[in-house]
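Participant: when you get a sec, could you give me coordinates for this:
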Amino acid sequence: LCNLLEQSIYCSCEQEDGIRTNRANCFITRETNNDDSVFKAFIGEESLTYVAFSSFRRQQQLNFVPNAPLRYNRDTLEHYKISQGTLGTIRSNTFFDLPKLVVLSLDSNDITDTEKNSFSNLPKLKKLELGDNKLDTIRSDVLHELPSLGFLFLDRNQIKRIEDYAFKSLHNLTELALADNAIEELTANTFSGLHRLTRIDLFRNKVKQLVAYVFSEMPYLQELDLKNNDISEVDPLAFHKLPQLRIIYLANNRLRILPAHMFVGAPNLILIDFSENQLQTLTWRTIQDLTQINREGFDLQLKGNKLTCDCRIAWILHLSETTKDHKFRRELRHIKCEFHSPSRTSTKVARLTKQQLNCSTDYTPPTFATTPRATSAPPPPPLPSTPKMMAPKVLQGNEHHTDGGDNRITEDIPVHTEDKSHQDDAELTNDVQVVHNQQKAANTQAAASRKKNSGASASTVSTCAVLQVVVSALVSFACSR
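Facilitator: Residues are numbered from 1 along each chain as shown. A predicted model of the protein is given here:
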């Protein structure tokens with residue numbers, strides 16, 4: 001293997017003890033195929049742990065997966081790499097039953113498709129690199145029996161669609177890279193099974209909305225990168241059950257209005273990046289569940305938005321005075337807002353008073369949490385299956401609300417730009433919207449149950465039941481008045 005002359009491949013070898021070859025970097029020098037006798041040189045190399053193939057010239061790019069090392073060295077091979085090839089479709093069972101394989105690197109090979117069980121029964125595989133290829137779909141029948149896989153790189157492809165449950169068997173995956181693709185839709189089942197994931201990179205895709213429970217099967221998630229997408233809508237339950245999430249990037253999207261209690265399921269965030277969006281406001285109700293907001297190290301980035309100068313952002317005045325983080329204080333004092341009056345230009349919020357922000361005389365400033373929540377991942381609560389088993393009430397970010405119980409703010413910031421009757425209408429609209437959101441969540445969960453338990457009869461919520469809940473909410477509202 002290490003002394004091939006005038007053959008279609010040339011291998012540069014390294015020896016572990018001066019005798020036995022354990023590493024082979026092989027270059028394709030002319031056109032070849034899997035039946036070429038040159039590959040028999042791998043027979044007898046019983047110590048090979050690392051094999052790499054690359055093209056010596058563009059004209060000699062590999063258009064197949066050399067299976068000689070996979071056949072003759074299966075009991076020792078730990079790292080297998082192909083680069084700069086034109087592999088096209090990875091056939092079924094191409095990488096199958098390799099008991100010692102730890103790293104499989106297939107970056108930059110013009111891979112366009114993967115067949116069923118292309119990667120399966122690889123008990124020790126920890127890293128799978130499929131970046132910089134031409135995949136357009138991640139199928140649900142490709143990645144199986146990979147119990148040790150911790151890192152999966154699918155960045156820089158052309159992925160538009162991820163089938164539901166595509167990652168369902170990757171229970172030990174900790175990092176998933178999906179940046180620089182064309183993904184448009186994420187469902188509540190896209191990331192099903194990723195119970196140990198700590199980081200996911202969705203940078204520079206085309207995601208338009210974040211639906212309820214989209215990340216809820218990842219209780220150990222710590223970092224979520226959603227920069228440079230087309231996100232304009234975030235469901236109030238999109239970040240449900242993420243107690244260990246610390247960092248989220250949402251910069252360069254199309255966010256305008258955010259829901260109230262957006263982070264009730266991710267209270268321990270320390271860095272939130274909303275920069276370069278189209279935010280018109282950011283109310284205290286949106287972020288009031290964040291337990292670290294007043295602590296050293298917390299950062300909330302808002303530059304590049306056009307916030308409206310009114311009482312909904314008065315919390316910035318108080319937080320800029322009370323935060324323990326000096327860097328965050330400086331950032332807060334540079335946040336600008338705009339008045340709708342043509343005679344007034346944009347100004348820094350910190351330079352305004354409560355009166356200039358049109359706050360009423362009985363305005364009560366927010367109070368901040370003093371005890372952080374536990375970061376352990378609790379047992380997941382049951383998802384709602386009928387309107388009667390609703391999640392906690394969720395309000396929209398620009399509606400009036402008064403908190404009770406153990407919330408982390410004594411009173412919400414009132415908005416006094418509307419009269420009382422208009423506020424009542426807003427509350428009524430909100431109650432209907434809450435029921436609508438819960439119905440969507442219930443249908444999503446019912447659909448998931450049907451797919452995961454084929455043959456089981458998952459009940460759906462009838463229109464009549466929804467109307468009953470709506471009527472009940474309206475009656476309750478009327479009585480309270």
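Participant: check which helix or strand covers residue 23.
Facilitator: Assigned by DSSP states H and E, residue 23 belongs to strand 21-28.
Participant: ok, and what's touching the following helix or strand past that strand?
Facilitator: The helix or strand immediately downstream of strand 21-28 is strand 50-55, counting by DSSP H and E. Residues from elsewhere that reach strand 50-55, judged by C-beta atoms under 8 Å, 6 or more residues apart in numbering: 9, 22-28, 61-62, 66, 69, 73, 77-85. Using the backbone N, CA and C atoms, a C-beta is placed for each residue, glycine as well.
Participant: now these: which count as buried?
Facilitator: With neighbours counted by 16 or more other C-beta atoms under 10 Å, the contacts of strand 50-55 contain buried members at 9, 22-24, 26-28, 61-62, 66, 69, 73, 77-85.
Participant: take those and keep only those in helices.
Facilitator: residue 69 (DSSP state H).
Participant: residues touching stretch 319-328, excluding its own?
Facilitator: Stretch 319-328 is contacted by residues 293-300, 329, 332-333, 350, 366, 368 when judged by C-beta under 8 Å, 6+ apart.
Participant: pull up the distance across that stretch, start to finish.
Facilitator: One end of stretch 319-328 to the other measures 9 Å (C-alpha to C-alpha, to the nearest Å).
Participant: pull out the buried residues from that stretch.
Facilitator: Within stretch 319-328, the residues that count as buried by 16+ other C-beta under 10 Å are 319-320, 323, 325, 328.
Participant: who's in contact with the residue nearest to residue 303 when sequence neighbours are not counted?
Facilitator: Sequence neighbours aside, residue 275 is the residue nearest to residue 303 in space, at 4.7 Å (criterion: C-beta to C-beta, 6 or more residues apart in numbering). By C-beta under 8 Å, 6+ apart, the contact set of residue 275 is 251-252, 301-305.
Participant: tell me the secondary structure at residue 275.
Facilitator: Reduced to three states with DSSP: H, G, I helix; E, B strand; the rest coil, the structure at residue 275 is coil.
Participant: now the helices for the stretch 201-350 of the chain?
Facilitator: Secondary structure of the stretch 201-350 of the chain (DSSP state H, counting those that start in this stretch): helices located at 284-287, 315-322, 326-332.
Participant: mind checking which of the contacts of residue 275 are in strands?
Facilitator: Mapping the contacts of residue 275 onto strands (DSSP state E) picks out residue 301.
Participant: farthest-separated two in the contacts of residue 275?
Facilitator: The largest separation in the contacts of residue 275, counting by C-beta to C-beta, is between 252 and 302 at 13.1 Å.
Participant: higher neighbour count, the two?
Facilitator: residue 302 (22 against 19; other C-beta atoms under 10 Å).
Participant: distance between stretch 195-215 and the chain's centre?
Facilitator: Chain-centre distance of stretch 195-215: 2 Å, with C-alpha atoms, centre = their mean, to the nearest Å.
Participant: whoops, stretch 163-170 was the one
Facilitator: What separates the centre of stretch 163-170 from the centre of its chain is 14 Å, taken as C-alpha atoms, centre = their mean.
Participant: give the buried residues for it.
Facilitator: Buried residues in stretch 163-170, counting neighbours by 16+ other C-beta under 10 Å, are found at 164-170.
Participant: how long is that stretch from one end to the other?
Facilitator: 14 Å.
Participant: and stretch 129-144, by the same measure?
Facilitator: End-to-end distance for stretch 129-144, by C-alpha to C-alpha: 16 Å.
Participant: average pLDDT across that stretch?
Facilitator: On average, the pLDDT along stretch 129-144 is 96.
Participant: please apply the same query to stretch 62-81.
Facilitator: In this model, stretch 62-81 carries a mean pLDDT of 93.
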